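Engineer: Give me the fold of what follows.
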Amino acid sequence: QLQLVESGGRLVQAGGSLRLSCAASGGTFSNYIMGWFRQAPGKEREFLASISWHGGNFHYADSVKGRFTISRDNNKNTAYLQMNSLFPADTAVYFCAARRDSRNSIFWTEPRNYGSWGQGTQVTVSL
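Structural biologist: Reported below is the predicted structural model:
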């Protein structure tokens with residue numbers, strides 16, 4: 001299984017932008033579908049976006065479609081989540097996850113669909 005480390009979370013004002021990174025090691029990165037989730041206090045872990053192994057297919061949750069963009073660089077073994085037009089409701093711990101799957105299907109939206117997880121990075125959006 002991949003080992004994943006997220007970074008880039010911080011305090012940002014509403015309307016601002018952040019780019020989160022997820023560095024992978026311990027396996028062949030291009031064998032994995034990557035996903036981003038978040039979890040706010042007292043809430044379940046929420047799917048945000050997924051990307052195919054080659055980076056050409058994407059799937060987004062309705063709550064972030066048009067504001068967040070998932071991408072990956074297989075040469076750098078890194079996935080990214082660009083977040084724009086942030087709201088206080090986006091405050092959460094953000095996690096990246098990996099699913100060993102080299103098919104083009106990217107509609108994996110449940111946490112149980114992913115076998116590897118990072119430790120999370122805190123994003124706080126203030127008014």
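Engineer: Report the central residue of the protein.
Structural biologist: Compute the mean C-alpha point of the chain, and by Cα atoms, centre = their mean the closest residue is Trp36, 2.2 Å away.
Engineer: Show residues contacting whichever strand or helix holds that residue.
Structural biologist: Taking DSSP states H and E as the definition, one finds Trp36 inside strand 32-39. With Cβ atoms under 8 Å, 6 or more residues apart in numbering as the test, strand 32-39 has contacts from 2, 20, 22, 24, 45-53, 68, 70, 72, 79, 81, 90, 92-101, 105-106, 108-109, 111, 113-114, 116, 120, 123. Where C-beta positions appear, they are placed from N, C-alpha and C, glycine not excepted.
Engineer: can you pull out the strands in the protein?
Structural biologist: All strands of the chain, identified by DSSP state E, fall at 3-7, 11-13, 18-25, 32-39, 46-51, 58-60, 68-73, 78-83, 92-100, 116-117, 121-126.
Engineer: Save those as TSV, and put in mean pLDDT too.
Structural biologist: Supplementary listing: the strands of the chain in TSV, determined by pLDDT from 0 to 100:
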stretch	mean pLDDT
strand 3-7	98
strand 11-13	98
strand 18-25	98
strand 32-39	97
strand 46-51	98
strand 58-60	96
strand 68-73	98
strand 78-83	98
strand 92-100	97
strand 116-117	98
strand 121-126	98
